[in-house]
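Trainee: this is a predicted model, with the sequence first.
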Amino acid sequence: MLRNALFLALRSISWYRGRSITIILCLATTLWLPMTVRMLVREFQNEIVLRAESTPLIVGIRGSRIDLVLHGLYFQSAAPESVTMEESDYIRDTEFAAAIPLHIRFRTQELQRTQGAPIVGTTLEYFDFRRLKIATGDSLTRLGDCVLGARFAEQSGLKPGDRLLSAPQNAFNLAGDYPLNMKVVGVLGASWSPDDDAVFVDIRTAWIIEGIGHGHQSLSSDAQDQLLKSDSSGPLKANASVLPYTEITDENESSFHFHGDESEFPVTEIIAVPQNRQSQTLLLGRYASGRRNTAICAKPGKVVDELLAMVFRIEQLFRISAILSGIVTGVLLGLVIFLSVRLRAPEMKTIERIGSARGTTALLVSTEVCILLATAFCLSLVTALVTNELAGDSLRQYLF
Amino acid sequence: MNDPMIAIRDLQFSWSIGDFTMGIPSLDIAANSSVAITGPSGSGKTTLLNIISGILPVASGSVVVSDRDLAQLSTDQRRAFRLKTVGLVFQSFELIDYLNVLDNVLLPARISPTLALTTKLRNRARDLLTRIGLAHTAHRSVTRLSQGERQRVAICRALLTDPPLLLADEPTGNLDPDNTQQIVELLIRHVHDSGGTLLMVSHDHSVLSRFDRTIDFSSLCHNRPAAAGDSGAA
């Protein structure tokens, strides 16, 4: 009987296809929104929680702990003000934790196929801490080298031996962060984390991009006619057509140097890896007591929990909105079914007069409704998956 | 007379709303015969067919059809009885637009919990369509058929289960004279060929001579006409 009901319902749906498509689209749209948001939230939750839980402590400038964690862990949001390397030295000196400094203030220039990636200035300990392995090429060995995250390398098409420019933070600040032409020396294996979308350099390379360290460009090269403004009297003067970027080469590497005390150099965050739980508690206590005036120490897991609570509130808003639109759609669906049943009353009457069993007409109508609901559910599920796949990253950035 | 196909005694029927009442003291319809019922609109012809087919319950009196006393049957039993024993043909064909010709003929099997849609039944449906010259339209939408073709499909549907009783309620009411003759010929031939019983309501006096017997409904019963005509029964 059910087979026959399915047959008749499918024929009816196919015959009244305009009405059927309208109902399916209305229902699918109503289901799609909460489904997509739920998927995005779950994926966002998984990504964010996993990375937060694998990062014991993060130290940075006093201010928003959420911004600090989001920037230090996921390279998202605006870079916070810097603390100095002194903070890293302090953590190390306490012997409570190992310190991995991060300086994430710059991005690479946009390439044809991809947006600029965050440039993460750090030490080699970061790779061990995150268990990042070089898939092709070599690790960082000297100033100006960079290692690419797996996804960025795939999207940009860059490989070891290629060159990559950092983006100037301010095009009009000639004295400040000058683009650095970095040499790609390696590509990391995929880690399915924000590291896949980043470019890693030695922290001193990041300071060079910031303008703290610098070399001296040779004006006695073949291109000196273009570079020199004057050499007839007094010291050589370069004209405005100096090379549009800094480049560290075998020839000029030795000329690169830093002015000032390294402990005063900036870092945006420091990942602190405590020896044990007690050390962690003690280090947290040091920062909580206010002994470090300018810095705070955050526990990413806890911060992310707070953040997720906000995200869930957003999700709840979407859910309420979806429930309301679901109620409206349900009422409309009920109306459509009611009108449809009335419209098809003669047909149902014929079926009953021929001798159908009691409830056959109800079975036919309910089978039809079930097929419409199931189709709408499947459509919304597929659409949600496609949305998540195609626009998930953009939506996550927009929503969260 | 052999055992009649239909035997009605002291049948009384009235609608709960309105003042229509119908009383038939006695009526016997012989098996293997074709009977036409004529009478003015609103006299209760359709109501009688609905009672004989079990669509309407027997409130008072006795209606025995094919040895089954309908007054003793429950609603579900009457439905099963109707599906097995009675073939119904309606004035407005009452085909399902979203089914093709073959599926319309097979409809009784699709809505019945007891009648299985077997290959044998499918072959019977095709055979019926062949006999009425519509085999080539089996997979065509019924909406693309002419009025006469649609009524022939409706007759095939009524004959699918090879019912011993065929009830036709003005089946030619919407047809032109040519199609009317064809449809009546088809029904009469079925009765003669397969030995069934045909009870047909008709206003068309040109076809009455084809039937074994004609009953004037006015003389058959004492009743008061319904205000809105008898097609509103059910």
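Mentor: In hand now; what should we look at? Bear in mind the structure is a predicted one, so any value in this text is a computation, not a measurement.

Trainee: which residues of the chain score low on pLDDT?
Mentor: Assuming you mean chain A. For chain A, applying pLDDT under 70 flags the ranges A:112-114, A:169-177, A:216-244, A:392-400.

Trainee: was after chain B, sorry
Mentor: B:1-2, B:222-234.

Trainee: contact residues of it facing chain A?
Mentor: Residues of chain B found near chain A (CB under 8 Å from any CB of the partner chain) are B:53, B:55, B:75-76, B:79-80, B:82-84, B:86, B:88, B:90, B:94, B:96-99, B:103, B:107-113, B:117, B:157, B:234. C-beta here means a position set from N, CA and C on the backbone, and glycine is covered the same way.

Trainee: give me the contacts around stretch A:324-342.
Mentor: Residues outside stretch A:324-342 that contact it (CB atoms under 8 Å, 6 or more residues apart in numbering or on different chains): A:16, A:19, A:22-23, A:26-27, A:29-31, A:33, A:348, A:365, A:369.

Trainee: same thing but at 6 Å, please
Mentor: A:23, A:26, A:30 (CB atoms under 6 Å, 6 or more residues apart in numbering or on different chains).

Trainee: cross the residues of chain B next to chain A against strands and list the overlap.
Mentor: B:86, B:88 (DSSP state E).

Trainee: can you say which of the residues of chain B next to chain A are buried?
Mentor: Using 16 or more other CB atoms under 10 Å in any protein chain shown as the burial test, the residues of chain B next to chain A include B:53, B:55, B:79-80, B:82-84, B:86, B:88, B:90, B:94, B:96, B:98-99, B:103, B:107-113, B:117, B:157 as buried.

Trainee: relative to A:L148, which of the contacts of stretch A:324-342 is nearest.
Mentor: Distance ranking of these against A:L148, using CB to CB, places A:T30 first at 42.8 Å.

Trainee: got the phi and psi for the nearest residue to that closest one once chain neighbours are set aside?
Mentor: In space, and not counting its chain neighbours, A:T30 is closest to A:T329: 4.4 Å by CB to CB, 6 or more residues apart in numbering or on different chains. As for A:T329, its main-chain torsions (degrees, to the nearest 10) stand at phi -60, psi -40.

Trainee: what about A:T329, how many neighbours?
Mentor: 20 (other CB atoms under 10 Å in any protein chain shown).

Trainee: against B:L83, how distant is it?
Mentor: Using CB to CB, to the nearest Å, A:T329 is found at 39 Å from B:L83.

Trainee: before we move on, what about B:L166?
Mentor: B:L166 is 14 Å from B:L83, by CB to CB.

Trainee: now swap in A:T360 and tell me
Mentor: Here A:T360 is placed at a distance of 11 Å from B:L83 (CB to CB).

Trainee: residues contacting the residue nearest the centre of chain B?
Mentor: Most central in chain B under CA atoms, centre = their mean is B:L167, positioned 2.0 Å from the mean C-alpha point. By CB under 6 Å, 6+ apart, B:L167 lies in contact with B:49, B:53, B:86, B:88, B:199.

Trainee: also B:L117?
Mentor: Listed by CB under 6 Å, 6+ apart, the contact set of B:L117 reads B:A109.

Trainee: run the last query once more with 8 Å
Mentor: So B:L117 contacts A:4, B:106, B:109-110 (CB under 8 Å, 6+ apart).

Trainee: with B:S202 instead?
Mentor: B:36-38, B:170, B:172, B:208.

Trainee: over to A:D305?
Mentor: Applying CB under 8 Å, 6+ apart, no residues contact A:D305.

Trainee: doesn't it lie inside a helix?
Mentor: Yes: assessed by DSSP: H, G, I helix; E, B strand; the rest coil, A:D305 belongs to a helix.

Trainee: mind listing the helices for chain B?
Mentor: B:45-52, B:75-85, B:101-105, B:107-111, B:119-131, B:147-159, B:177-194, B:217-220 (DSSP state H).
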